[in-house]
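Asker: Any chance you can model this:
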Amino acid sequence: MSQDHRELLRAMFDAAVGAASPAVCLPQYLKSITPPKGRTIVVGAGKAAASMAAAVEAHWYGGALEGLVVTRYDHGAATNKIEVIEASHPVPDIAGREAAKRILKKVQGLNEDDLVLALISGGGSALMALPAEGVSLEEKQAVNKALLKSGANISEMNCVRKHLSAIKGGRLARAAAPARVVALMISDVPNDDLSVIASGPTVPDPSTREEALAVIAKYKINAPQAVLDHLANPACETPKPGDPIFAQVQNILIATPQGSLEAAAVVAQQAGFTPCILGDLEGESRDVALVHAGIAKQIALHGQPFSPPVAIISGGETTVTVRGNGKGGRDAEFLLGLMLALEGFGGISAIACDTDGIDGVETNAGAIMGSDSFMRAQKANIDLKKMFANNDAFSAFEALGDLVVTGPTRTNVNDFRAILVPKRI
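Answerer: Presented below is the predicted three-dimensional model:
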């Protein structure tokens, strides 16, 4: 693969991330918010929370600000008026619990003249972890760890999280009433479902405790008895659509996965590749990889549904059912599955990265598959199939020198995948 294609793949990823940068997308929405007569309290949670807080401080015109946001370790940003706390993701920790307690306290006791500005982004569900009464942090951690390994999708995981929380699933909005609440949200979920982003702390929750129990049963989660007892109690139910507590709540999307895919498509088109956006996808990473490989081959061999050169672009959040003990996130897993399905076919190259800069719990955002990567692996006697079976995609791309390392991007619109199918010569 030419160096130009590597550069193009990285430029497409950078464009996707840039489109969701709070410094770029947030300021315009502040102009539409009427400043309050009373106080402005800023709270928030997510991988983009700190950079969103910095953007608010730089562009807010409505008077004094105060508040607190919680973000992932190493995802902080410099702020003067809004305190930033870092906590663990994807498994909650004590720092996240204490931050959530303080956030809940900050929005209580307000009146109609006050404004709560909530900055919500992906990752907020684990970061703002305040277990419901009767459930310990350790018990919630155990359920969260099991769900992460089970193959459950983001909606299923957040259904359980909301019903085990004292702050999510609309409960933050309930605590802030009767104050006006405006939530600025960066979506990292399929269909931009507001109730799923960070488990919807300011959004009515249509899911039920029965559905949460069904998720636990479906994935055979060995949940602590306190968790099961809590979910069996009707009192754990979340605020529903139509509840009057949401009368003064406005939830605004300021960045979406689709917007990032479209930004990447522009870069591809300018380089002469016809963009084919597949949208936000879910499912097992290795299964999604097989589908993408099939589409790429059909384009290369038959010019359907587009004649090459084509850039296949997709986002969303896949899942990995962990069966081995290797290292690797869902993006590296997808890309290794794609490489094995293509075996160097047709000069095809690809990138798969998480827009937050961290693929799973590793140090990389994802990886690049060059048109020569499969051949180089064979020459170096790297057993890709064995690594794939062991969920060890990180090690495979590390050995090839094909990891993409960006560090935290301080935003999050979930995964980004691009496959370049060149014109056949």
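
Asker: switch to C-alpha atoms for all contacts and neighbour counts from now on
Answerer: Will do.

Asker: show me the contacts for residue 94.
Answerer: By CA atoms under 8 Å, 6 or more residues apart in numbering, the contact set of residue 94 is 87, 137.

Asker: same thing but at 10 Å, please
Answerer: Counting by CA atoms under 10 Å, 6 or more residues apart in numbering, residue 94 touches 87-88, 100, 127, 129-130, 137-138.

Asker: Looking at those, spot the one nearest residue 339.
Answerer: Residue 339 lies nearest to residue 88 out of the contacts of residue 94, by CA to CA, at 32.0 Å.

Asker: Tell me if I'm right that the closest one and residue 96 touch.
Answerer: Yes: taking contacts as CA atoms under 10 Å, residue 88 lies within contact range of residue 96: 6.7 Å.

Asker: what about those two, which has more around it?
Answerer: With neighbours defined as other CA atoms under 10 Å, residue 88 and residue 96 compare such that residue 96 has more, 28 against 21.

Asker: got any residues that touch both of residue 88 and residue 96?
Answerer: Common neighbours of residue 88 and residue 96 (CA under 10 Å, 6+ apart) are 70-72, 126-129.

Asker: Can I get the helix or strand containing residue 160 as CSV, trimmed to CA atoms?
Answerer: Secondary structure assignment for residue 160, by DSSP states H and E: helix 154-163. The C-alpha coordinates for helix 154-163 follow below in CSV (Å, rounded to 0.1, in the frame of the first residue of the first chain):
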residue,chain,number,x,y,z
ILE,A,154,-24.5,-0.6,24.8
SER,A,155,-28.3,-0.3,25.1
GLU,A,156,-28.5,-3.5,27.2
MET,A,157,-25.6,-2.5,29.4
ASN,A,158,-27.0,1.0,30.0
CYS,A,159,-30.5,-0.5,30.8
VAL,A,160,-28.9,-2.4,33.7
ARG,A,161,-26.7,0.6,34.8
LYS,A,162,-29.7,3.0,34.9
HIS,A,163,-31.6,0.7,37.2
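
Asker: Enumerate the positions of it that are buried.
Answerer: By neighbour count with 16 or more other CA atoms under 10 Å, helix 154-163 contains the buried residues 154-163.

Asker: Next SSE downstream of it?
Answerer: Following helix 154-163 in sequence, per DSSP H and E, is helix 171-176.

Asker: Just the pLDDT for the residue nearest to residue 157 when sequence neighbours are not counted.
Answerer: Counting by CA to CA, 6 or more residues apart in numbering, residue 157 lies nearest to residue 147, which is 6.5 Å off, once chain neighbours are set aside. Per-residue pLDDT puts residue 147 at 93.

Asker: And residue 174, how close does it get to residue 239?
Answerer: 8 Å (CA to CA, to the nearest Å).

Asker: now do residue 419
Answerer: From residue 419 to residue 239 the distance is 42 Å (CA to CA).

Asker: Give me the more crowded residue out of those two.
Answerer: residue 419 (26 against 23).

Asker: Name the nearest residue to residue 21, ignoring sequence neighbours.
Answerer: That would be residue 411: by CA to CA, 6+ apart, it lies 6.0 Å from residue 21.

Asker: how about the strands in the stretch 151-300 of the chain?
Answerer: Counting by DSSP state E, counting those that start in this stretch, the stretch 151-300 of the chain has strands at residues 180-186, 249-255, 274-281.

Asker: Do me a favour and average the pLDDT over the second one.
Answerer: In this model, strand 249-255 has an average pLDDT of 98.

Asker: That strand: partners in the sheet, and parallel or antiparallel?
Answerer: strand 180-186 (parallel) (DSSP bridges).

Asker: neighbours around the nearest residue in space to residue 258 that is not next to it in sequence, how many?
Answerer: If the residues on either side of it in the chain are set aside, residue 258 comes closest to residue 279, at 6.8 Å by CA to CA, 6+ apart. Neighbour count for residue 279, taken as other CA under 10 Å: 16.

Asker: what sits against residue 279?
Answerer: 190-191, 257-258, 261-262, 312-316.

Asker: partner residues bridging it?
Answerer: Under the criterion used here (DSSP bridges), residue 279 is bridged to residue 314.

Asker: separation between it and residue 129?
Answerer: For residue 279, the distance to residue 129 - CA to CA - is 30 Å.

Asker: Likewise for residue 240?
Answerer: For residue 240 relative to residue 129 (CA to CA), the value is 21 Å.

Asker: Look at those two and report which has more neighbours.
Answerer: residue 129 (32 against 17).

Asker: did I read that right, the more buried one in a strand?
Answerer: No: under the criterion used here (DSSP: H, G, I helix; E, B strand; the rest coil), residue 129 is coil, not part of a strand.

Asker: Setting the sequence-adjacent residues aside, check what's closest to it.
Answerer: Nearest to residue 129 is residue 97, by CA to CA, 6+ apart, at 4.8 Å.

Asker: which ones are touching that neighbour?
Answerer: So, once contact is read as CA under 10 Å, 6+ apart, residue 97 ends up touching 87-88, 103, 126-131, 137.
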